[in-house]
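Visitor: Task: produce atomic coordinates for the following.
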Amino acid sequence: MEHLYLDAASAEPVGTDVINAMMPFLTEAYANPMSVHGAGKTAARALEAARGSIAADLGARPDDVILTSGGTEADNLAIKGIAMARMRLLREAYGEQVRPRVIVSSIEHPAVLESARWMERWFGCEVVEIPVDHQAHIDVDALREELAQGILADGSDGAAGMSAKPRNSALLVSAMLANNEVGTVEPVDEIARIAHEYGVPLHVDAVQAVGLIPIRMREWDVDALSLSGHKFGAPKGLGALLLRSRVPVEPLMSGGGQERSLRSGTQNVAGAVALAVALRDADVKMRDAWRRLAASRDRLIDAVLRVEPRAQLTGDPQRRLPGHASFVFPGLSGEALLVDLDARGIACSSGSACAVGRHEAPGTLLAMGYEPAVAKSAIRMTFREPLAPEQINWVASVVEESCATLRGASEVSDPSINIQVQRAAA
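Guide: Residues are numbered from 1 along each chain as shown. Okay, the predicted model is just below:
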């Protein structure tokens, strides 16, 4: 074997079906969907059909779907938009005497964490990070305790009252469905129940999970959910925020009022069609291959741990995304290992693609309790097609060779070992 791409969590190729579906709306039915003439109505029908298809595949309703440029924009709109709208309600009711809070888990993607910190920086909100355990499970008891501390005696009740007088100082809770670095899947339905018990909306970052596990937004009673197309075979720069109308939200962009006035700007009809077709293809593939993909993941994990006994699996061994294997290699540099594996034909990742080049210990692993030096040895292997036995064996042998080479180089460069070698030679 010469090359194997194991970085599907960063981006997937665009399929032929998706490209073919897009083309008519780039070359023939190119009209603005807001135009009232026939060509515009044709584009509008395609846009609404795509919206309906996306909603159906995610357990939502068509009017929940707000089209965006990707997961980052969707997360920003959810965190900042909901927080600002509910903060206005909070201050109208209580003035400045109540400090608003934004509650996130400690393992969120930078698009969520930085949006929360933006609310802190510009509006004085307190950002509360809920801890996780060593497998990256969100501590739901800690979440409940934080929400209980924010109870305001005379507010409205339940999810239906989210647009009325708030009864909690928390503006929203945000928790990812599946972690992008270690693959652990979170119990968002339980988190939603806890948040709503205290009258607080829940945003779920499902960017890493869509197309890999079933998504049932309304069944889980989630208020807002983000997704990004390039994770499941749509072109980059496409995504959506599913947002229920019961949740107040302020737009981040002003303009012509498209997308429920929450994301103004001429809609990308071809992009919406691509997003819908890619999502439908991914869902069909998921139903057909989920068990085989999970079994392939488990065989890869076993093979890597067998050839490199010092390696450790990160995340939950069972409740994790299919096609997601993540490890730490104590004593090695994840960056060096990544480069060496790439030179040997295996393209993988050291964590979130959005953090590449920072050379920092992954925040997720630090939150999970790993020491910084160990966290910096992280490697993530992700794939959307089951691996053949010979591919798994080849990956394991390459990992074994790469680890042996890097450990050997590390030992030779260790000054204490060099001194011992010199003394032995003398």
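Visitor: Residue 393 should be in a strand, yeah?
Guide: No: in this structure, residue 393 is helix, not part of a strand, as judged by DSSP: H, G, I helix; E, B strand; the rest coil.
Visitor: Please verify my assumption that it contacts residue 302.
Guide: No: Residue 393 is beyond contact range of residue 302, at 11.4 Å (criterion: CB atoms under 8 Å). For glycine as for every other residue, the C-beta is placed from the backbone atoms N, C-alpha and C.
Visitor: Now do the contacts for residue 348.
Guide: By CB atoms under 8 Å, 6 or more residues apart in numbering, the residues touching residue 348 are 6-7, 338, 341-342, 379-382.
Visitor: Centre of the chain to the longest strand along the chain, how far?
Guide: Determined from DSSP state E, the single longest strand within the chain is strand 170-176. How far strand 170-176 lies from its chain's middle: 15 Å, per CA atoms, centre = their mean, to the nearest Å.
Visitor: Each with direction, which strands does it pair with?
Guide: Strand partners for strand 170-176, identified by DSSP bridges, are recorded as strand 101-105 (parallel), strand 202-205 (parallel).
Visitor: The following helix or strand past the last one pairs with which strands, parallel or anti?
Guide: What it means is strand 202-205. As assigned by DSSP states H and E, the chain's next helix or strand after strand 202-205 is strand 224-228. Strands that pair with strand 224-228, judged by DSSP bridges, come out as strand 202-205 (parallel), strand 239-243 (antiparallel).
Visitor: Identify each buried residue in strand 224-228, please.
Guide: 224-228 (16 or more other CB atoms under 10 Å).
Visitor: Could you dump those residues into a markdown table with distance to residue 218 added?
Guide: Shown next, in a markdown table, are these (distance: CB to CB, whole Å):
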| residue | distance to residue 218 |
| --- | --- |
| 224 | 12 |
| 225 | 10 |
| 226 | 16 |
| 227 | 15 |
| 228 | 20 |
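Visitor: Kindly reformat those as CSV containing pLDDT and distance to residue 43.
Guide: Output for the buried residues of strand 224-228, formatted as CSV (pLDDT from 0 to 100; distance: CB to CB, whole Å):
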residue, pLDDT, distance to residue 43
224, 98, 27
225, 98, 26
226, 98, 25
227, 98, 23
228, 98, 23
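Visitor: model confidence over the longest strand of the chain, on average?
Guide: Strand 170-176 shows a mean pLDDT of 98.
Visitor: and what of stretch 108-125?
Guide: Rounded mean pLDDT across stretch 108-125 is 98.
Visitor: buried sites along that stretch?
Guide: For stretch 108-125, by 16+ other CB under 10 Å, it's 108-109, 111-113, 115-119, 125.
Visitor: now do stretch 124-143
Guide: So, applying 16+ other CB under 10 Å, buried residues of stretch 124-143: 125-130, 132, 135-138, 140, 142-143.
Visitor: now, the most widely separated pair of these?
Guide: 125 and 135 (29.4 Å; CB to CB).
Visitor: and the angle for the lengthiest helix in the chain with strand 239-243?
Guide: The helix that spans the most residues within the chain, counting by DSSP state H, is helix 269-307. Orientation of helix 269-307 against strand 239-243 (axes from the mean of the first three to the mean of the last three CA atoms, to 10 degrees) gives an angle of 100 degrees.
Visitor: Show me where the protein has its helices.
Guide: Using DSSP H, helices in the chain cover 16-22, 24-27, 38-57, 71-76, 82-94, 110-123, 140-149, 188-197, 269-307, 334-343, 363-367, 372-375, 389-413, 415-425.
Visitor: Now the second one - C-alpha only, CSV.
Guide: This means helix 24-27. Taking Å, rounded to 0.1, in the frame of the first residue of the first chain, the C-alpha atoms of helix 24-27 are listed here in CSV:
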residue,chain,number,x,y,z
PRO,A,24,-28.0,22.8,-12.9
PHE,A,25,-28.3,25.5,-10.2
LEU,A,26,-24.9,26.8,-11.2
THR,A,27,-25.5,26.9,-15.0
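Visitor: buried sites along that helix?
Guide: Taking 16+ other CB under 10 Å as the criterion, helix 24-27 shows residue 25 as buried.
Visitor: what's the answer for the first one, then?
Guide: Of the residues in helix 16-22, those buried by neighbour count under the rule 16+ other CB under 10 Å are 18, 21-22.
Visitor: Residue 203: what's it in contact with?
Guide: Applying CB under 8 Å, 6+ apart, the residues near residue 203 are 75, 78-79, 82, 112, 172-175, 222-226.
Visitor: If you rank these by neighbours, which is first?
Guide: In terms of neighbours by other CB atoms under 10 Å, these top out with residue 226 at 33 neighbours.
Visitor: list the contacts for that residue?
Guide: 71, 74-75, 78, 203-207, 239-242.
Visitor: Kindly reformat those residues as TSV containing distance to residue 408 and pLDDT.
Guide: As requested, the contacts of residue 226 are arranged in TSV below (distance: CB to CB, whole Å; pLDDT from 0 to 100):
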residue	distance to residue 408	pLDDT
71	40	98
74	46	98
75	43	98
78	48	98
203	47	98
204	45	98
205	41	98
206	42	98
207	39	98
239	44	98
240	48	98
241	49	98
242	51	98
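Visitor: Could you find the closest non-adjacent residue to residue 401?
Guide: Nearest residue to residue 401, sequence neighbours excluded (CB to CB, 6 or more residues apart in numbering): residue 344, at 7.2 Å.
Visitor: Let me fix that, I meant to ask about residue 102.
Guide: The shortest distance from residue 102 to any non-neighbouring residue, by CB to CB, 6+ apart, is to residue 116 (4.5 Å).
Visitor: Quick check: that neighbour vs residue 238, distance?
Guide: 24 Å (CB to CB, to the nearest Å).
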